[in-house]
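In: okay, predicted coordinates and the sequence, questions at the end:
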Amino acid sequence: MECGRPLRQDRIVGGSDAPVAKWPWHVSVNSFGHQICGGSLISESWVVSAAHCFVLPENFSLIPPEEYTVAVGVHSQLSLMLNPEASDGMHQIVNVSDILLHENYSGVEHGNDIALLHLAEPVNFTEYVRPICLPRANHSFPHGASCWATGWGDVQESVPQSFLSGLILQQLEQKIIGPKECQCLFNSNGPFNVTVKLLPTMLCAGYKEGKSDTCQGDSGGPLVCEEQGQWFLAGITSFGHGCARRNRPGVFANVAAFEDWIRDRVEGAVFPEQPQPIPAPLVEDSDNCTIALPECGIAPRPGDWPWKAVIITPASTPCHGVLVAEKWVLAPGSCFLGLKDISSWHVMLPPKAQRIPILSVQLNVNFTQDYEYDLALLELAVPVSFTEDTRAVCLPRLHHYFLPSSQCRLIQWGRGEPPLASPSLLEAEMTSNWWCYCVRGSKVEVVPDPLENPSILCAEYHEEEKNGCWMGSRWGLLCEESGSWFLAGISKPPEDCLRPRVFSPLQLGSYWIKSTAHTSYLEDQLNWHFKVVRTFVFCPSKTTLGACGIQSYKDSNPWPWVAEVHSARDEACMATLVSPGWVLTDTHCVARHGSIASRLQVKLGRTRFGTPGQVSRPVSSIHYTMGSPLVLLELETRVDMSASALPICLNSGPISEDVPCWVLSWKDSVNRVPMVVQVSILTPEECPYLNDPTLPLGTFCVAYGGKRLDKYEVDSGSSLMCQRGPDSWMLIGISIRGSQELFAPVKTQHFWISQTVCDAPFV
Ligand code: ARG
């Protein structure tokens, strides 16, 4: 019997719709009227397909054959649905009488993803229905050989083929990738230790650049290679990592490895000898492959953004967006509301503001003007070709996790002018989810784990760039990973200049972008160097003022409420930030500067940006209280809350015995490195010093454990703080005259403090 020779021999030029009768062995495996998998006809009564199409995914138990039908000779799924009787004589639908799963199938990742379907009655071979040849065990499909995969599966990752297209069988040229090279590609840039281990019963095909691949719904279908005019079934579509991703080719069942298994079960299948000459591999299949690098997000230098797109519409200011594909620009949807007559619009792209007319505008499906899905895609009339100066930005996939302290830049987004002359270098740094949610999130929130999608992203930036607050404009957040820039988020319109800045994560919109602009550059996460530490965590409750007493980066400025009080002579003592406009210290600290407000400067926030990130504020007034050495200093202007300047919470009630407490001071007053020493709070019976009647009411006395350091210096303004919750701190007292043991309480001055500082964060 003849196999592997279609009667019609059309030539295919580009395009991906298969010509009628080009792949007469391709069958549609249907379940309850839906095409669920593909298969290949190998004789009048047998189809070979993938095992995973016929089992429950939970326990690999076989689904009964009555639940399946096989349709042969199908070209358009739509005409199969509209004309099940096959009055045109093209297709035939038959029941499945038996399914033979491979005995050793236990999940696609373990190979043996093969099954045989016995048809309830034989099909008639016609122009549209013919069997494929099966390879013998020694048949070789060399690295680099060109083969074809066919199927009705998704046209992009998670994007099914549209009904409008008629659901025509799709064909795709795929190159065989040898086992060494394939393994090497799969080993590149994996998340954690999740790697695919390729087995001899598997075969890879596709391209390391990605872009074309089989996808969901193609499983079970054929990968066929032509040799001397005869087509052989080299593979059965089995699995992949996503679809068409870089360095992630498709994995197929290696049919040659199953010669005996098929022969033992099927009568009438044909296994011709491999035609001579046996094709030689074009290139060596090697263990040290060159992986494909991202094509998106590469900037000649930061600030020279090759994806910067400015959309010019008549009678309004330009709108800023980004190039996401050769033919597509992403911009806020709100830019285009109420505007008509697209024909007069155009986009300006680098270099030298090349102008391209716009063909269509697609608003995000969920667009409601609430800025959550404020996105639009603009289709360019002519595609641009990518160069050094013109190329797309990378877009994150759904579960992208931008690591805390990733280096980011702010770009102009939408309408409105930034106040700075050259905004292109606004630097920012991604904060942890913990910091973002606890400082800027709403009231009670669970901080998402790195493996979950966040609903907000935060970035910190230097205070000097505060003038870049861009009240009138919005921002895009670009973040770099291994040399490629991703559009990580877009800001909502700002009502304030609070830091860290909050952004809507773009990953939530990337599915819509990919399904509208198929060729846009979604990239896998490129930096996986993190450990998942907490699974989930609640933020400490916020006061009406907002967050207080929490820390963001434990390694740089762990105590964001530590302030320095400086005089002209630059002797400093310590103070504690208790609100954005106030610090608390003791009389001693101001007395040594002559107690004159105009001589005092408060410095805040040694950040991970270093002292340049420090902010400085003149003191506008000094406030004293009776019966306590506590002093409040009012700052001339408030500081923005940030990872390096955040108030501590203030204690107003009893302290339970088991909470850990620390004295916060400086290791030495020259370099002013903050340090903490754990202490225990003593009762009046335990602490003889407390008998001194001149001490303020409620003075705390502390004892140091074994850890007390000799060099340890308690300076004036040093503070005693206790833990409020697992990650939250409150201020208990301020050192009296630089004493190491005695601290003036804040709780007895509750009234005075909250009268003076209206937003004092008492808890
Ligand atoms: N397992 C998929 C299916 O059931 C086939 C996936 C093929 N994926 C790929 N990227 N090659 O349809």
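Out: That came in fine, so what should we check first?
In: any stretches of the stretch 51-200 of the chain with poor pLDDT?
Out: 191-194 (pLDDT under 70).
In: quick check: residues of the stretch 201-350 of the chain near the ligand?
Out: Residues of the stretch 201-350 of the chain lying close to the ligand (Cβ under 6 Å from any ligand atom) are 213, 214, 215, 216, 217, 218, 219, 237, 239, 240, 243, 250. All C-beta spots, glycine's among them, are computed from the backbone N, C-alpha and C.
In: quick one: the residue minimising distance to the centre of the chain and residue 528, what's the gap?
Out: Nearest residue to the geometric centre of the chain (Cα atoms, centre = their mean): residue 400, 1.6 Å. According to Cβ to Cβ, to the nearest Å, residue 400 and residue 528 sit 11 Å apart.
In: same check on residue 178?
Out: To residue 528, residue 178 is 26 Å away according to Cβ to Cβ.
In: which of the two has more residues huddled nearby?
Out: The neighbour comparison of residue 178 against residue 528 (other Cβ atoms under 10 Å) goes to residue 178, with 21 against 14.
In: what's the closest non-adjacent residue to that one?
Out: Closest residue to residue 178 apart from its sequence neighbours, by Cβ to Cβ, 6 or more residues apart in numbering: residue 285 at 2.7 Å.
In: and the pLDDT for the one you found?
Out: Note on residue 285: pLDDT of 76.
In: burial measure for residue 685, as a count.
Out: 7.
In: just residue 452 next, same as before
Out: Residue 452, neighbours per other Cβ under 10 Å, totals 14.
In: so how far is the ligand from it?
Out: Per Cβ to the nearest ligand atom, to the nearest Å, residue 452 is found 24 Å from the ligand.
In: which helix or strand contains that residue?
Out: For residue 452, there is no enclosing helix or strand under DSSP states H and E.
In: can you name the residue of the stretch 301-450 of the chain nearest to the ligand?
Out: residue 397 (14.0 Å; Cβ to the nearest ligand atom).
In: mind listing what that residue touches?
Out: Counting by Cβ atoms under 8 Å, 6 or more residues apart in numbering, residue 397 makes contact with 242, 507, 510, 522, 523, 524, 525.
In: mind running it again at 10 Å?
Out: For residue 397, the contact set (Cβ atoms under 10 Å, 6 or more residues apart in numbering) comprises 157, 242, 245, 486, 507, 510, 511, 514, 522, 523, 524, 525.
In: so what does it have for phi and psi?
Out: Reported as degrees, to the nearest 10, the phi and psi values for residue 397 are phi -80, psi 170.
In: one step back: joint contacts of residue 400 and residue 528?
Out: What both residue 400 and residue 528 touch, as defined by Cβ under 10 Å, 6+ apart, is the set residue 481.
In: ok, residue 398 touching residue 512?
Out: No: the criterion here is Cβ atoms under 10 Å, and residue 398 misses it with residue 512 at 11.2 Å.
In: residue 686 reaches residue 741, doesn't it?
Out: No: applying Cβ under 10 Å, one finds residue 686 not in contact with residue 741, separated by 11.2 Å.
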